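In: Based on what follows, work out the 3D shape:
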Amino acid sequence: MSNKRLAKKGRYGDTKIRKVDGRKSHVNKREAEMIDAYGLLGEMLVKAIGSGTINPKTGLPEYDWKKSFGKVKQDKNSPHNRAHSLFQSSGGKEGKDSDHKTPEALIAEQKTEEGTVGSDYGLESLGKDQFYDENGKLLPLATVVDNVLKHKQMPEGYPEGMPAWRKNIQDQVRDFLPKMEKFDPEGKEMEFLGKDKTAAEKKADIYGEEADLAKEKAGNVYELGISAAGREEAGLKEQYGLGVSAAGRARGAAGDVYGAAGDVYGAAQESYGLGQSAAKRGLQGTLGQLQQQAGQLGAGMRSAYGGMGGGMRGAMGAQATMKKGVEQTYGVFTDKQTALEGALGRAESAYGRAGSAAQRAEGAYGDEMTRLGGVQERGLGAVADERTRLGQEKGYAGTAFGIAGQKEEGMRTAAQLAYDKGEYGLEKGAEADWETNVGSWMQGIGSDYMKQGGRVPSKQTFTEMLSRIPDAGGS
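Out: Predicted coordinates:
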């Protein structure tokens, strides 16, 4: 945000932005003029009289007088207000009842006491703009000499007059020029700061590259894991399909065997029925023949009873033969019945065993389907869990990458801040050295002849000036 926009957010009369202790700060117009005119001394004065609170809109320090004076004004025990009370109670014999002067009035009073602007040769009247151009380069020697002469009047009775005095100033300016060099951004100190910054940025680069590599690795692991999970899922489904197919074939084979056994049993029943019919027909045919023979035998026996003994014997032999034939006929019939019943029994037994086998096959099929379903469910569940895990890992990697990016940016910011802080420190150090050197140098010019008047305020003088500023508004 620009200084102009920041200034608009000032409070309690703070309409300007100036640096105080190296930080942009809200100040009022008078404080800005003090900082512009007196540099570090102005900053010290602003800090001494300003509130030093934080502006809630910008987060910058603010040095308004309203809050500062308002606070102290209500403090009856402040040194300033106690001095007022002591002065009033003692009838003016003790304490101090100074007017509540503004900082500008105090500074003007300080100048009046210590010398007029025309004769003053301190830092207040001889600024850096009389030594350097806007780019920080030293002005031409003649220009600097002219500027110094405006503030360093020739002492009365100076030998050989103004030409000699000007030459004296010129020689001293030329001698002092190397000491007046401003902070050099190309100097060794800045070179070291630049190297530190470069190293910190390189470290940030490496950290960023490591973060990029970690993210890429996480992405590759995720893709490979998802691919492997897909293959695992396909394999499980294939195994399930093959298992179901195999179980179905086993179940079908058992059904086929059971069906074939049923066909055999049906054929056996049919053969049994046909065999029974054939056996009965054979028995009846044989019995019919035997009945005819029996009739013939009866006629023969009747003849034999009326005839000779030989006829009787023949009849009796024929009777024995017929009996034997009947017995054989019934034996053949019985054997056929037994054979037919045995074949039917065996077929029925085979059919029963085939039925049992078919039932066992059906049970095995159900068990196999349950097993295959369980294997597939567990396998697919494990695949789903693996996909979830991979997604979580990818998410964690993305979060870590984001944090790493923030850390990298923080490292770069820290590097820049360290660089700026170092640069600011060098600038402030050079500023202080410059003011000290110029002050001492100015005091030394024409010391044997200089006209006494204003001087660079000493530390004690500045402290005295601060002590004369009202605590905040007083009572």
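
In: give me the low-pLDDT residue ranges for this protein?
Out: 1, 66-128, 136, 177-188, 297, 299-319, 427-475 (pLDDT under 70).

In: Run through the neighbouring helices and strands of the longest helix that it contains.
Out: In the chain, taking DSSP state H as the definition, the longest helix is helix 309-444. Under the contact criterion of 3 or more CB pairs under 8 Å, 6 or more residues apart in numbering; DSSP states H and E, helix 309-444 touches helix 40-49, helix 161-176, helix 188-306. Using the backbone N, CA and C atoms, a C-beta is placed for each residue, glycine as well.

In: Include mean neighbour count and distance to residue 152 when you put those helices into a markdown table, please.
Out: Formatted as a markdown table, those follow (neighbours: other CB atoms under 10 Å; distance: least, CB to CB, whole Å):
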| stretch | mean neighbour count | distance to residue 152 |
| --- | --- | --- |
| helix 40-49 | 20 | 20 |
| helix 161-176 | 14 | 6 |
| helix 188-306 | 14 | 32 |
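
In: closest to residue 61 out of those helices?
Out: Nearest to residue 61, of all these, is helix 40-49, at 9.2 Å by CB to CB.

In: residues in contact with the next helix-or-strand element following the closest one?
Out: Downstream of helix 40-49, the next assigned helix or strand under DSSP states H and E is strand 53-54. Applying CB atoms under 8 Å, 6 or more residues apart in numbering, the external contacts of strand 53-54 come out as 60-62, 64, 67.

In: again, but for stretch 401-418
Out: 193, 196-197, 200-201, 203-204, 207-208, 210-212, 214-215.

In: thinking again about what came up before, quick one: the longest helix of the chain to helix 40-49, angle?
Out: Counting by axes from the mean of the first three to the mean of the last three CA atoms, to 10 degrees, helix 309-444 lies at 110 degrees to helix 40-49.

In: how much does helix 309-444 deviate in direction from helix 188-306?
Out: 170 degrees.

In: residue contacts, residue 26?
Out: So residue 26 contacts 6-7, 9-11, 14, 16-17, 55, 58, 60-64 (CB under 8 Å, 6+ apart).

In: Counting only helices, which of these make the cut?
Out: Using DSSP H, those in helices are 6-7.

In: so which of the contacts of residue 26 would you say is closest to residue 382?
Out: Nearest to residue 382 among these, with distances taken as CB to CB, is residue 58, at 57.7 Å.

In: Test my guess that the closest one contacts residue 11.
Out: No. In this structure, residue 58 is not within contact of residue 11 by CB atoms under 8 Å, at 9.9 Å.

In: More neighbours: which of those two?
Out: Of the pair residue 58 and residue 11, residue 58 is the one with more neighbours under other CB atoms under 10 Å, namely 20 against 17.

In: send the alpha carbons of the helix or strand harbouring residue 4 over as PDB?
Out: For residue 4, the host element (DSSP H and E) is helix 3-7. Taking C-alpha atoms only, helix 3-7 is exported to PDB below (Å, rounded to 0.1, in the frame of the first residue of the first chain):
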ATOM      1  CA  ASN A   3       2.300   6.000   1.700                       C
ATOM      2  CA  LYS A   4      -0.500   8.300   0.500                       C
ATOM      3  CA  ARG A   5      -3.100   5.600   1.100                       C
ATOM      4  CA  LEU A   6      -1.600   4.700   4.400                       C
ATOM      5  CA  ALA A   7      -1.600   8.300   5.500                       C
END
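
In: circling back to that earlier point, can you say which of the contacts of residue 26 are buried?
Out: Neighbour-count burial (16 or more other CB atoms under 10 Å) applied to the contacts of residue 26 gives 6-7, 9-11, 14, 16-17, 55, 58, 60-64.

In: picking that back up, could you list which of the contacts of residue 26 belong to strands?
Out: 16-17, 61-62 (DSSP state E).

In: Now flag whichever of those residues is closest to residue 331.
Out: Distances from residue 331 to those, taken by CB to CB, are shortest for residue 61, at 136.6 Å.

In: From residue 363, how far out is the closest one?
Out: 89 Å (CB to CB, to the nearest Å).

In: Next, format the helices and strands packed on helix 309-444 as JSON lines and append distance to residue 139.
Out: Formatted as JSON lines, the helices and strands packed on helix 309-444 follow (distance: least, CB to CB, whole Å):
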{"stretch": "helix 40-49", "distance to residue 139": "22"}
{"stretch": "helix 161-176", "distance to residue 139": "10"}
{"stretch": "helix 188-306", "distance to residue 139": "23"}
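
In: between those helices, which one is nearest to residue 34?
Out: The nearest among the helices and strands packed on helix 309-444, by CB to CB, is helix 40-49 at 3.9 Å.

In: by contact count, what packs against the closest one?
Out: Using 3+ CB pairs under 8 Å, 6+ apart: helix 40-49 touches strand 16-20, helix 29-38, helix 309-444, helix 459-467.

In: With residue 154 as the reference, name the closest of the ones you listed.
Out: Per CB to CB, nearest to residue 154 of the helices and strands packed on helix 40-49: helix 309-444, 14.5 Å.

In: and of the contacts of strand 53-54, the nearest to residue 256?
Out: Among those, residue 60 lies closest to residue 256 (CB to CB), at 94.8 Å.

In: Go ahead and confirm that closest one touches residue 20.
Out: No. The criterion here is CB under 8 Å, and residue 60 misses it with residue 20 at 9.6 Å.

In: In contact with residue 275, which residues?
Out: Residue 275 neighbours (CB under 8 Å, 6+ apart): 336, 339-340.

In: Scan those and report the most crowded one.
Out: Neighbour max across the contacts of residue 275 (other CB under 10 Å) = residue 340, 19 neighbours.
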